[in-house]
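# My questions concern the predicted model and sequence given below.
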Amino acid sequence: MPTNTVLIVLFDGVQSLDVTGPLEVFVGANQWLAARGEEPAYDVATAVLGGGHVRTSSGLTVVADADLRDRAQADLLLVPGGEGTRRPEGPDTELVAWLREAGPRSGRVVSVCTGAFLLAEAGLLSGRRVTTHWAHCAALAGRYPDVEVVPDPIFVRDGELTTSAGVTAGIDLALALVEEDLGRTAALTIARHLVVFLRRPGNQAQFSAQLATQTARRDPLREVQRWISEHPGADLSVPVLAARASLSPRQFARAFTEQVGMPPGRYVDRVRLEAARRRLEDEGSGVEETARSCGFGTAEAMRRAFLKVLGVGPSEYRRRFHASQISVKSHP
């Protein structure tokens, strides 16, 4: 393929991993090609308005390759996130104006994490389906009502626009772009070198059951949540959990749903599924043993739960994602 220019936009308060994660993937792709005597696929550069350096949200100083004012477009324009996308004084108007001009001229436009806020401010997300960091999805949807924000996926493609969830999701997105450009072997080799999944477990969902829900405000309910996560194989019926919280089953179910954001039965199902996933991934446990220890009762019940949520059975899930299957090979 011809060399693609990749321009990564920098600004003060940028999240460093949003920059370095995708950058490592594209550079890794070039190294993979070089090992085969082929020309690089990506000409990667960073740029900031006025040139010079920026200070990331973690305090790291990064020196940009170029002045953004000297660049009018790119084959792949990448806008990272970070605190600098949500400044108290409002977005950088010159940066937003530059994005408004350069976006339509660029081949592919990509945002990582809250970089979506800058693209939305530039009007590049109007009428588009996008995602961002799970903690900021509601704010993005509220501030830009003409943007369809989906909170669950790791990344969302809408034509030549691709938006990703938070921070390390930028690596997933970059790997997907490399797979699209150079094929699965290249992307898988880079993923192994970076010791990440080419395809995340969990159907590419952004977060775990615990992160996806609220933590109860009241101590007895918080204690019940902790008990559930530590004892997925126990009797977690509503009457038993209600007794632990010293409430009647009806009071417990109402309070739990109000404070956690979902009924206790659904919460238990999610925690059990997540516990089973971790055991299959980390320990490579047997399916029947995992089903018993995680409260499914039978392997068939766990298989149905896996198929319903993940689209793959436990045995196949373990084959794909158990650590022994992710062998780390020397990078070319």
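Cool, got the structure.
# quick one: low-confidence parts of this structure?
195-218, 282, 284, 320-332 (pLDDT under 70).
# Can you show me the strands along it?
Assigned strands in the chain, in chain order: 4-9, 42-48, 53-55, 61-63, 66-67, 76-79, 108-111, 129-130, 148-149, 155-158, 161-164 (criterion: DSSP state E).
# Of the ones you listed, which is nearest residue 239?
Residue 239 lies closest, by CB to CB, to one member of those: strand 148-149, at 38.6 Å. (C-beta placed from N, C-alpha, C; glycine too.)
# Direction included, what does the closest one pair against?
strand 129-130 (parallel) (DSSP bridges).
# so how far is the strand it pairs with from its chain's centroid?
14 Å (CA atoms, centre = their mean, to the nearest Å).
# hmm, back to that, residue 220: which of the strands of the chain is closest?
strand 148-149 (34.2 Å).
# ok so, going back, export the strands of the chain to TSV and tack on mean neighbour count and distance to residue 93?
Formatted as TSV, the strands of the chain follow (neighbours: other CB atoms under 10 Å; distance: least, CB to CB, whole Å):
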stretch	mean neighbour count	distance to residue 93
strand 4-9	22	15
strand 42-48	20	15
strand 53-55	16	17
strand 61-63	12	22
strand 66-67	14	17
strand 76-79	26	16
strand 108-111	26	18
strand 129-130	22	22
strand 148-149	20	23
strand 155-158	18	26
strand 161-164	27	22
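# Redo those as a markdown table? Include distance to residue 101.
Below are these laid out as a markdown table (distance: least, CB to CB, whole Å):
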| stretch | distance to residue 101 |
| --- | --- |
| strand 4-9 | 13 |
| strand 42-48 | 14 |
| strand 53-55 | 21 |
| strand 61-63 | 24 |
| strand 66-67 | 15 |
| strand 76-79 | 11 |
| strand 108-111 | 12 |
| strand 129-130 | 20 |
| strand 148-149 | 24 |
| strand 155-158 | 20 |
| strand 161-164 | 16 |
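# Residue 267 is nearest to which of those?
Comparing the strands of the chain by CB to CB, strand 148-149 comes nearest, at 24.0 Å.
# got the contact list for the closest one?
Strand 148-149 has contacts (CB atoms under 8 Å, 6 or more residues apart in numbering) with 127, 128, 129, 130, 131, 132, 137, 140, 141.
# Wait, the last one touches residue 132, no?
Okay, so that is residue 141. No. The pair residue 141 and residue 132 fails to qualify as a contact (CB atoms under 8 Å) at a distance of 9.4 Å.
# Show me which of the two is the more surrounded one.
More neighbours surround residue 132 than the other of residue 141 and residue 132, with 33 against 17 (other CB atoms under 10 Å).
# quick one: the more buried one and residue 117 touch, right?
Yes. When contacts are counted by CB under 8 Å, residue 132 is listed as touching residue 117 (7.3 Å).
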